[in-house]
Each structure stands twice: as C-alpha cells, then as structure tokens.
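# sequence plus predicted model, see below.
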Amino acid sequence: MNTMEKYAKYVNTSFVKALDPVVVAKASGSKVMGEDGKVYTDLYAGISVVNAGHCNPEVAEAAKAQIDKLVHCASYVYYAPTVADFAEKLAEVTPGRLQKTFFGNSGAEANETGMRMAKQFTKKQEFIALQGSFHGRSLATLSITGNKGRKRGGGPYIPGVAFHPAPYCYRCPFQMSYPSCDMFCAKYLERTIQFDTSDNVAAFVAETIMGEGGIIVPPKEYLKEIKKILDQYGILLFLDEVQCGFGRSGKLFAVEHYDVEPDIMTMAKGIAAGFPLSACIARPEIADSFKPGDHLSTFGGNPVSCAAAVANLNFMLREKLPEKALAKGKAFMLELKELQKNVPLIGDVRGSGLMVGLELVRDKQKTPAPEEAAKIKASMREKGFLIGVGGTYANVLRLQPPLVISSEELSSAVSALAASFKEVV
Ligand SMILES: Cc1ncc(COP(=O)(O)O)c(C=O)c1O
C-alpha cells in the first residue's frame, strides 16, 4: 500500500472530503517537495506554522542539540532550562504586563488554559466571543467558536457563551461602512453584555486577526473601543494569537497594530517553526490564580520544542521577519488588488503582513463562491503553488506563506493566480 492508501485505511481524517493529493517528502524555506519529485512554492506554511521557513536550519540545529541532552522529563514536575529560557523571552517580547506562561501542545490547549484561568481569576463564568471565530476543537474551545460548520455534531456546548458580531467590514453585520460606522460593531458590545449575558462575564475572547474565519482584520480603532467597554465592566481581554502571532501580521504580535494591552494571550502555530508547542501568557496576578495542583500538561513545555522556540524567536528578531512580512505583504496585496481589477470573482483583497485573504464572490450581491475557491486551489496546486481555503462560507483563498518567501516568489504566485482565474471563470 502506498501512503495515500494507508491513510484511507488507517488514518482518521475528517476536515475535508479529500486531502490535497500531495505526499510530502521534504521541505525547505518556502519550498515543499512531493514524493514524486514535484516542487511547490508553499503559500500556506502548514496552516500558518513555519513562519521562519520549513526546516529552518538554526531551529533544527537547536532542536537536535537538545535531543542529545534531554527530550522529556515532565517540565511541570522538574525544572527544564529551555522552558525557563523561552518563558523569559516571551515575557520580554509580548506586550504590556504579560509575564507568566503556561506551555501546552496545541492552540486549543492554550485557549482552554486561558479560559480556566480567566474564570479562576475573575470568579466569573461566562465568555463573549466573536461570530465567525475559531479557537480549537476541544469542547470548551468549540464552545467559544462562532461557526456552525466547525461545531456540527459536537453539541451541546458549554453554556454561558455570548456571540458578538465580528468586525467583518466586507460583510458588515450592521450594513454600515468604515469609517463612517464610527466603530458601531465595537460600541455594540455594551448591548451584548446587557442583553446576552447574566453580568457574569470572565473574558471577551477574540482572535486579534481572524484566520479560519477568512482573514478578517479589524479596523485600527476596534480593540481600543472594545477594551474601553470591557474595563467598565471588569471583563478581561483575552486575545488568541495562535494564528496571527509570531510575525505573521507584520508585527511580532498582531495586537501591536492596535495599541491595547491584553490580559491573557495565547500562541501556538508559528511559535517553534513546526515543533508542537503552545503558550498561554498572562499578567502574573492572573497566572497566579492557578493554585498548586490546578493545571498541568504531561508534554507541556517539551524541552526540545522550547529549545526550537528560542532559536525560532532569535532568528525572527535578528532577521526582522515581522518587518519584512509587513513590507512584502503590502507589495503582495497591491499586486493582488491590480489583479482584482480584471477578475470580478475577487470580491475583496484584505490582510495584514503575510496573512492575506481573497474573498471570492459570484455577483454584486456578494454570493459566496466556494466551488470556485476549491477549483482555484486545485489549479494552483497543478501550477506548483500550495494555498489554503477558509472563511465561514469556504470562499476565501488564504495566502499565508513562510515569511522567508521572496518577493519574486510572491509575484510569480500572483501570475499563477491570474492564470488560474482565467481557467476557472
Ligand atoms: C486562532 C486559532 N486558535 C486556535 C486554533 C487551534 O489550534 P490547534 O489546532 O493547534 O489546537 C487555531 C487553529 O487553526 C486557530 O487558528
């Protein structure tokens, strides 16, 4: 049996009807090589994970060195030097007073941790989350995920979650336009608190920039307006930077675009260039609401993952990956906006840094075009480019390459997209 046949028989996959038919043999930087020798330019980065490039040599070397010393000894039972080192670095580079980190293995685990911490600190039980959001596939994180497609078959979910309209300007839930809306969707939070909660809200949880929901970038005033209201009601600001963190948005953390201080922030994906690790960082007084015995993760703070994470962060900062992502992303979006002029199917081009989305629509009424999005993705693969598809209506092309991708590769991706659109329309 070959790899695909073994998958069909032995691997439980469910996210899509069929996986992308690429058996990945190896990868380096922004390139992925299939088992058949075909080379792809990667515009998806393993779902926005290998921000510092596939098999980044510095990260790999740090991990290999750590493997020779210690792979695992339960970092929450004994002290592990790389855990301490990475936690110290995170406290230095994250905004505001965020200081103490709990390490887990996945984005969902980090968000579960943040939810529990928020409850213990505030002694309140409810959450407000955004419509269209995605926070993971555990029971609690699906409970704060605002997308029926992701939640199907898993209910009933935990009670006490109110869903607030997202700052999705292209499909404004209030039929308004930015900036004349005067941030109505943020101000409306008072009404959500008033009418959809029992005045017992621990935290407002949001992706700083929505990923799975279709690359939704809030206007620059949004989070300040939200924070003002949260402070009035004693509600914590809990930002999920699992996808938009680690340089992806053009800043090390997307919250740096918004000039607010979160109380709790979660990270995963780009944290260690592909090694499994997640982090939930909080102000010390919030983190200390966990009492001895409250929380643990056997693999959490794996020494190899933490060694990789330190090397990953050093590489990102030294190579100025966030700044470069910002500049490359701006040029990339300009080219995509040019393309949009000739392709009516592209309803919207949006993004921040190298977190870019193209929302495909069939007509002026913005009827979502999910079948066309799937066809473009397949056509791009034929041409040697890997891209993602997301959004509430599965009609958003997601372009989230490793941040080390070159400007030339991005331009050739735009040319390939132009050809794919010609084929599909
Ligand atoms: C914003 C966000 N939060 C949480 C998660 C869940 O992360 P994981 O799949 O590592 O549990 C994801 C995954 O896509 C995500 O994009």
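Done, it's in. Worth saying up front: this structure is predicted, and the values here are computed from it rather than measured.
# going forward, measure contacts and count neighbours with C-alpha atoms only.
Will do.
# what's in contact with the helix or strand of the chain with the lowest mean pLDDT?
Every helix and strand in the chain was compared by mean pLDDT, DSSP states H and E; the lowest is helix 3-10, with a mean of 92. The contact list for helix 3-10 (CA atoms under 8 Å, 6 or more residues apart in numbering) reads Val23.
# can you rerun that using 10 Å?
Outside of helix 3-10, the residues within contact range by CA atoms under 10 Å, 6 or more residues apart in numbering are Met1, Val11, Thr13, Ala18, Leu19, Pro21, Val22, Val23, Glu35.
# how many neighbours does Trp163 have?
Quick fix: residue 163 is Phe, not Trp. 20 (other CA atoms under 10 Å).
# that one falls within a strand, correct?
Yes - under DSSP: H, G, I helix; E, B strand; the rest coil, Phe163 falls within a strand.
# could you list the buried residues of whichever strand or helix holds Phe195?
Phe195 is part of helix 189-196, with elements assigned from DSSP states H and E. Neighbour-count burial for helix 189-196 flags Leu189, Ile193, Asp196 (criterion: 16 or more other CA atoms under 10 Å).
# ends of stretch 244-256, how far apart?
Start-to-end span of stretch 244-256 (CA to CA, to the nearest Å) is 11 Å.
# do the same with stretch 382-395
19 Å.
# which pLDDT value belongs to Val16?
pLDDT for Val16: 68.
# re earlier: quick check, nearest of the buried residues of helix 189-196 to Leu336?
Leu189 (33.7 Å; CA to CA).
# correct me if wrong: the closest one contacts His164.
Yes - at 7.0 Å, Leu189 and His164 qualify as touching, with contact defined as CA atoms under 10 Å.
# list the residues that contact both of these two?
Listed as contacting both Leu189 and His164 by CA under 10 Å, 6+ apart are Ile128, Asp196, Phe204.
# any chance of JSON lines for those residues, columns distance to Leu334 and pLDDT?
JSON lines is the format used below for the shared contacts of Leu189 and His164 (distance: CA to CA, whole Å; pLDDT from 0 to 100):
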{"residue": "Ile128", "distance to Leu334": "35", "pLDDT": "99"}
{"residue": "Asp196", "distance to Leu334": "41", "pLDDT": "98"}
{"residue": "Phe204", "distance to Leu334": "34", "pLDDT": "99"}
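# closest to the ligand out of the residues you listed?
Phe204 (14.2 Å; CA to the nearest ligand atom).
# checking the closest one next. Helix, strand or coil?
strand.
# next: Leu397.
With three-state DSSP as the criterion, Leu397 reads strand.
# for it, which non-adjacent residue is spatially closest?
Counting by CA to CA, 6 or more residues apart in numbering, Val389 is the residue found nearest to Leu397 once chain neighbours are left out, at 4.6 Å.
# you'd agree that neighbour is up against Ala374?
Yes - between Val389 and Ala374 there is a contact under CA under 10 Å: 7.2 Å.
# can you pull the residues that touch both of the two?
Asn395, Val396, Leu397.
# scan those and report the most crowded one.
Neighbour-wise, these (other CA under 10 Å) top out at Val396, 30 neighbours.
# let me know the secondary structure of the residue nearest the centre of the chain.
Using CA atoms, centre = their mean, the residue of the chain that lies closest to the mean C-alpha position is Gln243, 1.4 Å off. Under three-state DSSP, Gln243 falls in the coil class.
# same check, this time on the one 4 residues further on
Taken by three-state DSSP, the conformation at Gly247 corresponds to coil.
# also Glu88?
With three-state DSSP as the criterion, Glu88 reads helix.
# got a list of what it touches?
Thr82, Gln99, Lys100, Thr101, Val310.
# do Arg381 as well
Arg381 neighbours (CA under 10 Å, 6+ apart): Asp20, Pro21, Val22, Tyr40, Thr41, Asp42, Lys375, Ile387, Ala416, Ser420.
# out of the residues you listed, who has the most neighbours?
Asp42 leads the contacts of Arg381 on contacts (other CA under 10 Å) with 29 neighbours.
# touching, that residue and Leu399? I think so.
Yes - judged on CA under 10 Å, Asp42 makes contact with Leu399 at a distance of 9.1 Å.
# who touches both of these two?
What both Asp42 and Leu399 touch, as defined by CA under 10 Å, 6+ apart, is the set Leu386, Ile387, Gly388, Ala413.
# contact partners for the second one?
Neighbouring residues of Ile387 by CA under 10 Å, 6+ apart: 41-47, 376-378, 380-381, 397-401, 413.
# now, those residues that are in helices?
Here DSSP state H is the test, and the contacts of Ile387 give Ala45, Gly46, Ile47, Ile376, Lys377, Ala378, Met380, Arg381, Ala413 as lying in helices.
# just the buried ones from the residues you listed?
Buried among the ones in helices among the contacts of Ile387 (16+ other CA under 10 Å): Ala45, Gly46, Ile47, Ile376, Lys377, Ala378, Met380, Arg381, Ala413.
# read off the pLDDT value for the second one.
In the prediction, the pLDDT value recorded for Gly46 is 97.
# then the fourth one?
The predicted local distance difference test score for Ile376 is 98.
# from Ala325, how far out is the residue lying closest to it once chain neighbours are set aside?
Leaving aside its sequence neighbours, Ile376 sits nearest to Ser420 (CA to CA, 6+ apart; 5.9 Å). Applying CA to CA, the value for Ser420 to Ala325 is 25 Å.
# just Thr94 next, same as before
18 Å.
# do the same with Phe102
In terms of CA to CA, Phe102 sits 28 Å off from Ala325.
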